[in-house]
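K.L.:
Build me a structure from this.
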Amino acid sequence: MEFALQRPVLRHAGLGLVYFLLASLTVATTRLGGGVAILFVANAVLTASLLTTKRREWRGALTACAIGSAAATALFGFGVAAAPVFSVINMCEAFIAASLYRRLRGRASPLESLSGFFIFLLAAGIVAPLLSALGGGAVAALHGADFAANAFRWFAGHALGTITFAPACLLVLGGDIGRWARSSTRRQLAEMAVLLPLVGLIALAVFLQPVAPLLFLPWLPLIVATFRLGRLGAASSIGILTLVAGTATLLDLGPIVAFVGSGEAGLQFLQFYLAASVLAVLPPAAELARRKTLFERLQASERRYRLLADYSTDIILDIDPDGRIAFASAAIEQMGGYRPDDVVGRMASELVDPADIDKIRAAHLRALRSPGVVETVEYRAILGDGSQAWMETRTQGVFDEDGVALGAVSAIRNVEERRERERVLATEARTDGLTGALNRRAFMREIEAAAASQRQAERGCVALFDLDHFKHINDRHGHAAGDAVLIAFVKLARRIVRDGDCVGRLGGEEFAVFMKGASFDQALRICERLRIGCAEEITLRGEAGRVTVSAGIAAMDGAPASLVLERADNALYRAKRAGRNRLERAA
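P.N.:
Predicted coordinates for the structure are as follows:
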């Protein structure tokens, strides 16, 4: 426990020492004309430390660096009297930069994305040094220096120093270098061993000669190192360039001194040159890091997707925006009769019955227009052997980060059995379980719809049939024989009535026939044929003529269905009273 408590103290003490050394070096070497330092890189280390630690550790880091800042100012700057004030201004600058970035981006690293880097540039390279420059210029003015000139020097020196050195500090303090080294291949290590020395050699060649202004030349290896080594390559290359260019310029060597001049002008130009170098390579490095992360996630997602697709019992299809198949899972061979390679590149509509193509295309287009929405559609698919089967497709669009549709993913399953079950259930819900005729509810819906129609062709006639002496048949011959008679009557009725007419069982031995669009005379002839056929064709114990039926018929003349049925029932009652085996018309 004691060692655990000492670790933050030691870390903060080390940070304060590094801050003191960097502040002392820049103040001692770049403080020209009695003003503030033209270069200041110490706040880059402190800002990076704050961004890579928890807020509860900020107090210790700020305290240690405040001591280092005060000591550097007292020894090499404006003296002991100004040291506490400059220390507070420096700490406020780092605190503002880290707090503003955390508020806008949270704990995400500034080097993980392009947006993160530009927010870091705003917070640590513009807002924080601009505010601290007002304080720094004011303190310098109190000691006899020009306010505007020193405020500008402060802003330029602190902003460019933080932008230039903070990325490398973030990589070191965030552990990125160690992680990169552990995960790197031999090839990557070999590339680093070649590219970073190459950056140094070209920088030396440029800054040790005063003849040609070849300041653009180091950018080529910088960019190559960025693209091959990522953020680490970019930050390391910037560090190497800064070390070479800064040393040469401070020693009055190189093209900056030759063409711009020594002293303050040369150092300020050096700052802008280094800042331009940072802005040339770090945004691409941040974007490359983001894309690498996305690519790794995509690869992992792709592996999971392929695994699920290969072992899924559903067919998985990737379809581009034009409707062309880009990927088909292995299930298509078992379920559809196609090899996956045979359908890749074909239009998905080629596997669909022409009558259902419009339905499929509409669902695909809706999915491409509606992120997050799953479109479900059933259709007849054409199988590999040319046969058809009912399929259900659930389709969802795939979009990039800008909302542009990249295509769609479809999960397809065979629903032939389900649709058959639904057909059976629908039939059972509408029909009599014994005879297969429409049950009373279904028959009533048919004639109610016809009665409500304004078209005469949708109406017709309704006839009620009642088997004569059916109770006697059941009592004498048994219920099995009675059931056989009921079944036989329905079969006979279906054979005699026209296509589109309805045969229903209203209950017991009572049946109804709806002859859609039939005139009364047509209906009479149909019912008479059924009455005669019953007596002649339905046998009981092998004998014909023992089963007869009585019937009543009524026309649908615009009256409600219940009234038409009542008229037919009254006619049936008269047929029964008149001796049975008769057909009576409704009054």
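K.L.:
for the chain, what are the low-confidence residue spans?
P.N.:
Scanning the chain for pLDDT under 70 picks out the ranges 1-6, 33, 296, 298-312, 454, 456, 542-545.
K.L.:
50 instead, please
P.N.:
1-5 (pLDDT under 50).
K.L.:
domains of it?
P.N.:
Split into domains by automatic domain parsing, the chain comes to 1-174, 183-309, 312-420, 433-585.
K.L.:
Partner strands of the longest strand anywhere in the chain and their direction?
P.N.:
For the chain, the longest strand by residue count, based on DSSP state E, is strand 388-399. Strand 388-399 pairs in its sheet with strand 374-382 (antiparallel), strand 405-414 (antiparallel), by DSSP bridges.
K.L.:
can you tell which of these is closest to residue 41?
P.N.:
Of all those, strand 405-414 sits nearest to residue 41, with 44.6 Å by C-beta to C-beta. For glycine as for every other residue, the C-beta is placed from the backbone atoms N, C-alpha and C.
K.L.:
Buried residues of the closest one, list them for me.
P.N.:
Using 16 or more other C-beta atoms under 10 Å as the test for burial, strand 405-414 gives 405, 407-412, 414.
K.L.:
separation between the closest residue to residue 378 other than its chain neighbours and residue 384?
P.N.:
Closest residue in space to residue 378, ignoring its immediate chain neighbours: residue 392 at 5.0 Å, by C-beta to C-beta, 6 or more residues apart in numbering. In this view, residue 392 and residue 384 are 19 Å apart by C-beta to C-beta, to the nearest Å.
K.L.:
And for residue 163?
P.N.:
Computed as C-beta to C-beta, the residue 163 to residue 384 distance reads 63 Å.
K.L.:
between the two, who's got more neighbours?
P.N.:
Neighbour count, other C-beta atoms under 10 Å: between residue 163 and residue 384, residue 163 has more, with 24 against 15.
K.L.:
Let me see the contact set for that one.
P.N.:
44, 121, 124-125, 275, 278-279 (C-beta atoms under 8 Å, 6 or more residues apart in numbering).
K.L.:
What about these, which one has the most neighbours?
P.N.:
For the contacts of residue 163, the largest number of neighbours (other C-beta under 10 Å) sits with residue 124, at 28 neighbours.
K.L.:
helix, strand or coil for the nearest residue to it once chain neighbours are set aside?
P.N.:
In space, and not counting its chain neighbours, residue 124 is closest to residue 97: 3.9 Å by C-beta to C-beta, 6+ apart. Three-state assignment for residue 97 (DSSP: H, G, I helix; E, B strand; the rest coil): helix.
K.L.:
In this structure residue 97 contacts residue 126, no?
P.N.:
No. Applying C-beta atoms under 8 Å, one finds residue 97 not in contact with residue 126, separated by 9.6 Å.
K.L.:
now the helices for the stretch 1-150 of the chain?
P.N.:
Assigned by DSSP state H, counting those that start in this stretch, the stretch 1-150 of the chain shows helices spanning 2-30, 42-51, 58-76, 83-105, 114-122, 128-142, 147-173.
K.L.:
okay, those, which one's buried deepest?
P.N.:
Highest mean neighbour count of the helices of the stretch 1-150 of the chain: helix 42-51, a mean of 27 (counted as mean count of other C-beta atoms under 10 Å).
K.L.:
Which residues does that one contact?
P.N.:
Under C-beta under 8 Å, 6+ apart, the answer for helix 42-51 is 15, 18-20, 22-23, 26, 58, 61-62, 65, 68-69, 72, 90-91, 93-95, 97-98, 101-102, 109-110, 124, 158, 161-166, 169-170, 172-173.
K.L.:
could you give the angle of it to helix 114-122?
P.N.:
Per axes from the mean of the first three to the mean of the last three C-alpha atoms, to 10 degrees, the angle that helix 42-51 makes with helix 114-122 is 130 degrees.
K.L.:
Could I get the CA-only coordinates of helix 42-51 as CSV?
P.N.:
Output of helix 42-51 as CSV, limited to C-alpha atoms (Å, rounded to 0.1, in the frame of the first residue of the first chain):
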residue,chain,number,x,y,z
ALA,A,42,7.3,22.3,-21.6
ASN,A,43,3.5,22.8,-21.6
ALA,A,44,3.3,20.1,-24.3
VAL,A,45,4.4,17.5,-21.8
LEU,A,46,2.1,18.8,-19.1
THR,A,47,-1.0,18.9,-21.4
ALA,A,48,-0.3,15.4,-22.7
SER,A,49,0.1,14.2,-19.1
LEU,A,50,-3.3,15.7,-18.1
LEU,A,51,-5.0,14.1,-21.2
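K.L.:
give the contact list for residue 324.
P.N.:
Listed by C-beta under 8 Å, 6+ apart, the contact set of residue 324 reads 345-348.
K.L.:
ok, which pair from those residues is furthest apart?
P.N.:
345 and 348 (10.9 Å).
K.L.:
Now for these two: what residues contact both?
P.N.:
With C-beta under 8 Å, 6+ apart, residue 345 and residue 348 have common neighbours 324-325.
K.L.:
Tell me which of the two has more neighbours.
P.N.:
The neighbour comparison of residue 345 against residue 348 (other C-beta under 10 Å) goes to residue 348, with 24 against 9.
K.L.:
Near residue 55, how many other residues are there?
P.N.:
Counted with other C-beta under 10 Å, residues neighbouring residue 55 total 10.
K.L.:
cool, and residue 216?
P.N.:
By the criterion of other C-beta under 10 Å, residue 216 has 10 neighbours.
K.L.:
Checking my notes, it in a helix, right?
P.N.:
No. Counting by three-state DSSP, residue 216 is not part of a helix but coil.
K.L.:
Show the contacting residues for it.
P.N.:
Applying C-beta under 8 Å, 6+ apart, no residues contact residue 216.
K.L.:
ok, now with 10 Å
P.N.:
By C-beta atoms under 10 Å, 6 or more residues apart in numbering, the contact set of residue 216 is 206, 277, 280.
K.L.:
Please apply the same query to residue 276.
P.N.:
By C-beta under 10 Å, 6+ apart, residue 276 lies in contact with 160, 215, 219.
K.L.:
how far away is the first one from residue 152?
P.N.:
To tie it back to what came earlier, the one meant is residue 160. From residue 160 over to residue 152 the distance is 12 Å, taken as C-beta to C-beta.
K.L.:
anything in contact with each of these two?
P.N.:
Common neighbours of residue 160 and residue 152 are listed as residue 268 (criterion: C-beta under 10 Å, 6+ apart).
K.L.:
Quick one: name whatever helix or strand follows the helix or strand hosting residue 281.
P.N.:
Here residue 281 sits within helix 264-311, counting by DSSP states H and E. For helix 264-311, the succeeding helix or strand toward the C-terminus, using DSSP H and E, is strand 315-319.
K.L.:
who touches the helix or strand following that next one?
P.N.:
Next helix or strand after strand 315-319 toward the C-terminus (DSSP H and E): strand 325-328. For strand 325-328, contacts defined as C-beta under 10 Å, 6+ apart pick out 305-306, 309, 315-320, 332, 336, 338-348, 350-351, 406-410, 412.
K.L.:
Buried subset of those residues as a ChimeraX selection?
P.N.:
Buried residues within those, by 16+ other C-beta under 10 Å, are selected in ChimeraX with:
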select :305,309,315,316,317,318,319,332,336,338,340,343,348,351,407,408,409,410,412
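K.L.:
how deep is residue 284 tucked in, by neighbour count?
P.N.:
Look at residue 284: counted by other C-beta under 10 Å, it has 17 neighbours.
K.L.:
That one: what's it in contact with?
P.N.:
The contact partners of residue 284, taken as C-beta under 10 Å, 6+ apart, are 114, 117, 223, 226-227, 230, 234.
K.L.:
measure the residue lying closest to residue 292 once chain neighbours are set aside to residue 45 for me?
P.N.:
Once flanking residues are discounted, residue 292 sits nearest to residue 230: 7.0 Å by C-beta to C-beta, 6+ apart. Distance from residue 230 to residue 45, counting by C-beta to C-beta: 22 Å.
K.L.:
swap in residue 409?
P.N.:
On the measure of C-beta to C-beta, residue 409 and residue 45 end up 48 Å apart.
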